[in-house]
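K.L.:
Dropping a prediction and its sequence here:
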Amino acid sequence: MTSDSLCFTVLGCATPYPTVDNPCSGYLVSGGGAQVWVDAGSGTLAQLQRYVRLDELDAIWISHLHADHSADLLTAYYGALYADIELAAPIPLYGPPGIADRLAHFLTNTSTRSPVESAFAIEELHNGHEVRVGALTLASRAVAHGMPAFGLRAEAEGRSLVYSGDTAPCPGLTSLAEGCDVLLCEAESAQAPAAGEQVHHTPEDAGDTARSAKAGRLVVTHVGRFLTPEQAVARASTRFDGPIEHAAPGAAFSVG
């Protein structure tokens, strides 16, 4: 069932591999009469089907091509073309540059390239990419993850949800999240690296980003293996004094 009200359901948020009861990163974002699968980490396709079939999706949006955010596109391809699903048209898929060839490389088993475009109508993201899906606006901005990666701002009915994807703190994410109702921000790192490039938020960083962006509410997600959700929320709260929650698998959040 679709809704005009903006909301999201957590399909999973584990990193870098799923646990028994928590798939990798994936969310079902609904609003403006549209339903969008945001990130397709390992195990999220199974959970997605609790709420929507593949042929009921209006779009798929992928933040970056690490497997814990994209691997279930491979089995979604088989489901869309070779099982009980009959697509009226390929599912719109918005993802980083090179996503079509990456999928085809894995899925091709003969000398003939796998027809990934029969399952997915692929459009590559770029900094500033924007698209309307029904009455839902999806705006993407480049973020800092050491590879092509994007954050997402979804807006419908005057409400806004910003999803960090995977990223270090960066101006691109802060700008994207400016004044949003909900910031869904990763907090993977127990601490920032002593040397080398930072590619994730700590919980404190998530709080700083929420505060700098003047977000109405912070939901921490993608919490790493060396933190508990309770620790992540407590540490983020030292930097952000607004409401903070954890994106527990199966949890549903209304935006605004």
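P.N.:
Good, I have the coordinates.
K.L.:
these two touch, right, Ala251 and Cys7?
P.N.:
No - when contacts are counted by C-beta atoms under 8 Å, Ala251 is not listed as touching Cys7 (10.9 Å). C-beta here means a position set from N, CA and C on the backbone, and glycine is covered the same way.
K.L.:
who has more neighbours, the two?
P.N.:
Cys7 (18 against 14; other C-beta atoms under 10 Å).
K.L.:
nearest residue to that one other than its sequence neighbours?
P.N.:
Ser254 (4.9 Å; C-beta to C-beta, 6 or more residues apart in numbering).
K.L.:
Tell me, how many residues neighbour the one you found?
P.N.:
12.
K.L.:
got it, and Pro16?
P.N.:
Pro16, neighbours per other C-beta under 10 Å, totals 16.
K.L.:
Spit out the contact partners of it.
P.N.:
Pro16 is in contact with 24, 66, 68, counting by C-beta atoms under 8 Å, 6 or more residues apart in numbering.
K.L.:
how about 10 Å then?
P.N.:
Contacts here follow C-beta atoms under 10 Å, 6 or more residues apart in numbering; on that basis Pro16 touches 24-25, 41-42, 66-69, 188, 222, 224-225.
K.L.:
One more: Thr137?
P.N.:
Contacts of Thr137 by C-beta under 10 Å, 6+ apart are 31-32, 34, 130-131, 153-156, 160.
K.L.:
Could you do His246 as well?
P.N.:
Contacts of His246 by C-beta under 10 Å, 6+ apart are 10, 13, 187, 218-221, 223, 228-230, 232-233, 236.
K.L.:
picking up where we left off before, okay, the residue nearest to Cys7 and Glu157: tell me how far apart.
P.N.:
11 Å (C-beta to C-beta, to the nearest Å).
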